[in-house]
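> Predicted coordinates and the sequence they were generated for:
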There are 2 protein chains.
Amino acid sequence: MDRRQKKTREAIFKAFTELLADKNYNQISVQEIIDAADIGRTTFYAHFETKDYLLKDLCEELFGHIIDTAMGLPHGHYHYSCENTTDSVFLHLLRHLQENDRNILELLSSQNNEIFLRYFKSNLKKLILTQYADKGLLKNARLPEDYLVNHISSSFVETVEWWLSRKMKETPEEITEYFLGAIEPILN
Amino acid sequence: MDRRQKKTREAIFKAFTELLADKNYNQISVQEIIDAADIGRTTFYAHFETKDYLLKDLCEELFGHIIDTAMGLPHGHYHYSCENTTDSVFLHLLRHLQENDRNILELLSSQNNEIFLRYFKSNLKKLILTQYADKGLLKNARLPEDYLVNHISSSFVETVEWWLSRKMKETPEEITEYFLGAIEPILN
DNA sequence: TTGATACAAAACAAGATGTTCTGTATTTGA
DNA sequence: TCAAATACAGAACATCTTGTTTTGTATCAA
């Protein structure tokens, strides 16, 4: 990719992220992004059709990355159905978050974080499916697999949200225990 | 309240709700609401400071109502920790939804339903707290009560969302069983 | 070096926003 | 029932945002 493209694309992402940190998505105008990124008006629209597409691309880059690294971890290594939390892929994700990789925390704690939480959840579903579906962990006599996957990924996202709302007082290990404590009982 | 005020307020709510049914919140302009409600420009701004405040008021009216009726039910009558689902307050809520009281379904299934789901969840927390906190059901050795309340209300909202995404194929009774099946194991 | 591409700057129409003003209809309360 | 208060309509307004177009310049890649 052209160096110029890359540079402006990152400048836009950076400006957008910073604006999102202290402003509602709806209240951010394209003009503000343009000014903050210090680029020409034409340039923005050459990169992104609308503000919504910018958001979409940013989310895909952020959550695609964080989930991909988790996907890359050895499959057989993680069992969230075992007692100890130290091997959980969820613990890995929480530590990743704690390091605030790519300023993702600002977005997840921002005013209308639902947008980002939705992407988070959507990517998480894939992770859960690819890693655990074939292990039979999602077989539950009372609950459909689809419902279970949705429940697990949703619960993790909410757990993260809850953690953030408490300013991350707890350690990733504690949060993992809470989460597994809420999820394990319904797995076989 | 003045009949005129009431009338225009409801006209605005109606127009807004209808617009939300087939359009994203961000893409709805105040002008469109004004046109759809067939009121004067001045009138809108006399009622609502901004579009955001309109949304807030609408949500409070909708979810305040649906939760209040559930609150009004006899407390001792419902136990979500018992085996049968027929007495659950959650079943009552689902039936309420199925009747599509006040066109709430259109909003919960709309493009950016996160806004409404957030209000739903927020009101649900109050319901769970006032009805079950004093029963000791939320005492769990492994999990903090605050985390539990958040987990339960979040799970119910997601369950509803999941139900809607499947076009409500299942009956309220089936959904209640799924939900209780995911929640009961972590209660004492 | 050359052709292609990315960018800047400016101008543009169309539309949205929120306010202000004037005049009319309706309600409320005395 | 009458008068004062209130709610509303309509229009005009300055200001901002949006997305496009045009022209010219700088930078890249081969």
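Sure, I can see it.
> Can you tell me the closest non-neighbouring residue to residue A:69?
Leaving aside its sequence neighbours, residue A:69 sits nearest to residue A:96 (CB to CB, 6 or more residues apart in numbering or on different chains; 7.1 Å). Bear in mind the C-beta positions are built from the backbone N, C-alpha and C, glycine included.
> Could you measure from the one you found over to residue A:62?
In this structure, residue A:96 and residue A:62 are 11 Å apart, going by CB to CB, to the nearest Å.
> what do you get for residue A:92?
Distance, residue A:92 to residue A:62, by CB to CB: 17 Å.
> These two: which has the busier surroundings?
Using other CB atoms under 10 Å in any protein chain shown as the criterion, residue A:92 and residue A:62 rank with residue A:62 on top: 22 against 18.
> Contacts only, for that one.
The contact partners of residue A:62, taken as CB atoms under 8 Å, 6 or more residues apart in numbering or on different chains, are A:102, A:104, A:107, A:116, A:119.
> run the last query once more with 7 Å
With contacts defined as CB atoms under 7 Å, 6 or more residues apart in numbering or on different chains, the neighbours of residue A:62 are A:102, A:104.
> same deal with the one 5 residues further on?
For residue A:67, the contacting residues are A:123, A:124, A:126, A:127, taking CB under 7 Å, 6+ apart as the criterion.
> Who wins on neighbours among those residues?
Busiest of these [other CB under 10 Å] is residue A:124, holding 23 neighbours.
> Residues of chain A that sit close to DNA strand D?
Contacts of chain A with DNA strand D, taken as CB under 7 Å from any atom of the strand, map to A:2-4, A:29-32, A:41-42, A:45, A:49-51.
> Can you tell me what sits against stretch A:120-130?
Applying CB under 7 Å, 6+ apart, the external contacts of stretch A:120-130 come out as A:63, A:64, A:67, A:70, A:71, A:149, A:152, A:153, A:154, A:156, A:157.
> Local confidence estimate at the fifth one?
According to the per-residue confidence, residue A:71 scores 84 in pLDDT.
> same deal with the third one?
The model reports residue A:67 with a pLDDT of 89.
> Which secondary structure state does it sit in?
Assigned with DSSP: H, G, I helix; E, B strand; the rest coil, residue A:67 falls in the helix class.
> where do the helices sit along chain A?
With DSSP state H as the definition, chain A shows helices at residue ranges A:3-21, A:30-37, A:41-47, A:51-71, A:89-98, A:104-108, A:114-132, A:145-165, A:172-183.
> Now distance to residue B:176 too, for those, in a markdown table please.
Listed next are the helices of chain A as a markdown table, based on distance: least, CB to CB, whole Å:
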| stretch | distance to residue B:176 |
| --- | --- |
| helix A:3-21 | 38 |
| helix A:30-37 | 46 |
| helix A:41-47 | 48 |
| helix A:51-71 | 32 |
| helix A:89-98 | 28 |
| helix A:104-108 | 31 |
| helix A:114-132 | 23 |
| helix A:145-165 | 13 |
| helix A:172-183 | 19 |
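> Now render those helices as TSV, adding distance to DNA strand C.
Formatted as TSV, the helices of chain A follow (distance: least, CB to the nearest atom of the strand, whole Å):
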stretch	distance to DNA strand C
helix A:3-21	3
helix A:30-37	8
helix A:41-47	3
helix A:51-71	14
helix A:89-98	30
helix A:104-108	23
helix A:114-132	19
helix A:145-165	28
helix A:172-183	38
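> Quick check: which of the ones you listed is nearest to residue B:164?
Nearest to residue B:164 among the helices of chain A is helix A:145-165; the distance by CB to CB comes to 12.0 Å.
> Tell me the pLDDT of the residue most central in space within chain A.
Centroid-nearest residue in chain A: residue A:120, 3.4 Å away (criterion: CA atoms, centre = their mean). On pLDDT, residue A:120 comes in at 94.
> Pop the domain breakdown of chain A in here.
Following automatic domain parsing, one finds the domains of chain A at A:1-48, A:51-186.
> winner for burial among those?
With neighbours taken as mean count of other CB atoms under 10 Å in any protein chain shown, those reach their highest mean count in domain A:51-186, at a mean of 17.
> now the end-to-end length of that domain.
Distance between the two ends of domain A:51-186: 41 Å, counting by CA to CA, to the nearest Å.
> And for stretch A:181-188?
End-to-end distance for stretch A:181-188, by CA to CA: 14 Å.
> Same check on stretch A:17-27?
Stretch A:17-27 has an end-to-end distance of 14 Å (CA to CA).
> Can you tell me what sits against that stretch?
By CB under 7 Å, 6+ apart, stretch A:17-27 touches A:28, A:32, A:33, A:36, A:103, A:106, A:107, A:110, A:111, A:112, A:115, B:26.
> again, only this time at 10 Å
Outside stretch A:17-27, the residues within contact range by CB atoms under 10 Å, 6 or more residues apart in numbering or on different chains are A:16, A:28-29, A:32-33, A:35-37, A:51-52, A:55, A:58, A:62, A:102-107, A:109-116, B:25-26, B:50-52.
> Okay, the residue nearest to residue A:69 and residue A:89: tell me how far apart.
Note on residue A:96: its distance to residue A:89, by CB to CB, is 10 Å.
> overlap in contacts of these two?
Looking at what touches both residue A:96 and residue A:89 (by CB under 10 Å, 6+ apart), the common residues are residue A:70.
> what residue ranges in chain A score low on pLDDT?
Scanning chain A for pLDDT under 70 picks out A:73-86, A:134.
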